[in-house]
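In: sequence and predicted structure, then a few things I'm wondering about:
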Amino acid sequence: MAVPYQVYRSADAFFANADRFNAAVSMSPDVLDFCCSSYWTQAAHQSLHREERSGTPFLAAHSTEAKNWIVFAKGASWFWEPLENAWAFSCPLIGEDSEAVVDLLESVCVGELGGASAFLIGGVAQGGSLQRVLNQRQGSYRRLVEFEGMTCMTIDLSDGVDGYLARRSVKFRKSLRQSQRRVKDAGLLIEEADGAWPEMFERILRIQQRTTKWLRGDDIFHHAGYLEFYGSLAKSALADGLLRLLFARQGEEDVAFILGADFRGTYRGLQMSYAANHADLGIGNVLQFENLRRCAEAGITGYDLGMFAPYKQRWTDEQVRFRNLLLIL
């Protein structure tokens, strides 16, 4: 069904409407809210994909009432892709009504691209409404191919940390208490970050350069694009009061940090690291739980641990699987 829409042909024009877009993200079912928001997608588009997309087309559109959005860019590939295509956490089809969002995509494809266009759609929840609508319509498409996406690990904080701990094993709770005792005996204190972003980021990097991954040479911050991505993302989140950053200190020395952002009631973890010479304390466990506690006290009900990792399993309430779809209209 053809629908009226407004189109944006540049990233600057689109991000100038970030508030309306983010409001639509918060109403979209089954998506990773923060990873679909302008904070994540703008940082990825401008940092992770800048070189491959330099001078290439950009396409975004929203329905007349701005409840439904599509957002794509072209890189070196022949298809349109999400603004963040490093992990494909961000879904480029946003809106409360999946039927209406797909109507918008089809209308823009005909009205702006003349039809016969290909779209990579990431961040589609397995079993969610968007996957269902696209599969129901696949008979009218030239091609629709699904393949494996990321798995994210989430925590339910709707009943606070007491409810969360009640769902953990006796072994988990005992291990956490032991870690808390070791951290306390070592004189470590956990504090919220305060100050300007450049100083905060310098503190983060000084800790990062003492981690096992950094010393091995395979830390994500070794890559300039990812370093810029996290720096830009955190800076913009801080400017809007969304950033959550805790440091663990021993005297005057920073030894660990946990970094994330709160987007409309859901926390999204970004990075957590600790100096290699403090690994035996279990400071990572203590930081994670302290962050959980403070998030719950702030009224945050969802906690996204990010992509699957074996060490996160004992912390997780649910694993959410996502699919990537290649759609040729």
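Out: Now that the structure is in, tell me what you want to look at.

In: list the contacts of residue 310.
Out: Taking Cβ atoms under 8 Å, 6 or more residues apart in numbering as the contact definition, residue 310 lies against nothing. (Glycine included, C-beta is placed from N, CA and C.)

In: any idea how far the closest residue to residue 287 other than its chain neighbours is from residue 204?
Out: The shortest distance from residue 287 to any non-neighbouring residue, by Cβ to Cβ, 6 or more residues apart in numbering, is to residue 258 (4.5 Å). Plainly put, residue 258 is 10 Å away from residue 204 if you go by Cβ to Cβ, to the nearest Å.

In: now list whatever residues contact both of the two.
Out: Common contact partners of residue 258 and residue 204 (Cβ under 8 Å, 6+ apart): 245, 271.

In: now do the same contact list for the residue nearest to residue 287.
Out: Taking Cβ under 8 Å, 6+ apart as the definition of contact, the neighbours of residue 258 are 245-246, 269, 271-272, 287-288, 291.

In: switch to 7 Å and redo it
Out: Residues counted as contacts of residue 258 (Cβ atoms under 7 Å, 6 or more residues apart in numbering) are 246, 272, 287-288, 291.

In: name the residues that touch the helix or strand hosting residue 14?
Out: Under DSSP states H and E, the secondary-structure element containing residue 14 is helix 11-15. Residues outside helix 11-15 that contact it (Cβ under 7 Å, 6+ apart) are 8, 38, 42, 45, 58, 60, 71.

In: repeat the analysis, applying 10 Å as the threshold.
Out: The list of residues contacting helix 11-15 from outside it, by Cβ atoms under 10 Å, 6 or more residues apart in numbering, reads 7-8, 21, 38, 41-42, 45-46, 53, 58-62, 69, 71, 73, 83.

In: weed out the non-buried ones from those residues.
Out: Neighbour counting with 16 or more other Cβ atoms under 10 Å marks 8, 21, 38, 41-42, 45-46, 53, 58-62, 69, 71, 73, 83 as buried within those.

In: from the residues you listed, which land in strands?
Out: 8, 58-62, 69, 71, 73 (DSSP state E).

In: okay, those in CSV with distance to residue 262 and pLDDT next?
Out: As requested, those are exported to CSV (distance: Cβ to Cβ, whole Å; pLDDT from 0 to 100):
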residue, distance to residue 262, pLDDT
8, 27, 98
58, 29, 97
59, 30, 97
60, 25, 98
61, 29, 98
62, 25, 98
69, 22, 98
71, 22, 98
73, 27, 97
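
In: tell me the SS of the residue nearest to residue 287?
Out: Classification of residue 258 into helix, strand or coil gives strand, according to DSSP: H, G, I helix; E, B strand; the rest coil.

In: quick check: bridge partners of it?
Out: Beta bridges link residue 258 to residue 246, residue 272 when assigned by DSSP bridges.

In: all the strands of the chain, residue numbers only.
Out: With DSSP E as the criterion, the chain has strands at 5-8, 58-63, 69-74, 80-81, 93-94, 118-125, 143-156, 188-192, 243-250, 253-263, 266-274, 302-307, 318-328.

In: return the most buried member of the ones you listed.
Out: Across the strands of the chain, averaging neighbours per residue (mean count of other Cβ atoms under 10 Å) puts strand 93-94 on top, at a mean of 27.

In: surely residue 283 is in contact with residue 183?
Out: Yes. In terms of Cβ atoms under 10 Å, residue 283 counts as a neighbour of residue 183; the distance is 5.7 Å.

In: residues shared between the contacts of the two?
Out: Shared between the contact lists of residue 283 and residue 183 (criterion: Cβ under 10 Å, 6+ apart) are residues 190, 248, 250, 255-256.

In: save the residues you listed as JSON lines, and put in pLDDT and distance to residue 213 too.
Out: Putting these into JSON lines (pLDDT from 0 to 100; distance: Cβ to Cβ, whole Å) gives the following:
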{"residue": "190", "pLDDT": "97", "distance to residue 213": "22"}
{"residue": "248", "pLDDT": "97", "distance to residue 213": "18"}
{"residue": "250", "pLDDT": "96", "distance to residue 213": "21"}
{"residue": "255", "pLDDT": "97", "distance to residue 213": "15"}
{"residue": "256", "pLDDT": "97", "distance to residue 213": "14"}
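
In: nearest to residue 167, of those residues?
Out: Within the shared contacts of residue 283 and residue 183, proximity to residue 167 (Cβ to Cβ) peaks at residue 190, which comes in at 23.4 Å.

In: dump the residue contacts of that closest one.
Out: Taking Cβ under 10 Å, 6+ apart as the criterion, residue 190 is in contact with 183, 246-249, 256-258, 283, 286-287, 290-291, 294.

In: what's the closest non-adjacent residue to residue 266?
Out: residue 302 (3.8 Å).

In: show me what contacts that neighbour?
Out: Shown here is residue 302, whose contacts under the criterion Cβ under 10 Å, 6+ apart are 33, 154-158, 262-268, 295, 317.

In: and what of residue 228?
Out: In this structure, residue 228 makes contact with 43, 46-48, 50, judged by Cβ under 10 Å, 6+ apart.

In: go on, residue 122?
Out: Residues in contact with residue 122 (Cβ under 10 Å, 6+ apart) are 35-36, 81-93, 149-150, 322-325.

In: hmm, try it at 7 Å
Out: By Cβ under 7 Å, 6+ apart, residue 122 lies in contact with 82, 85, 88, 90-91, 149, 324.
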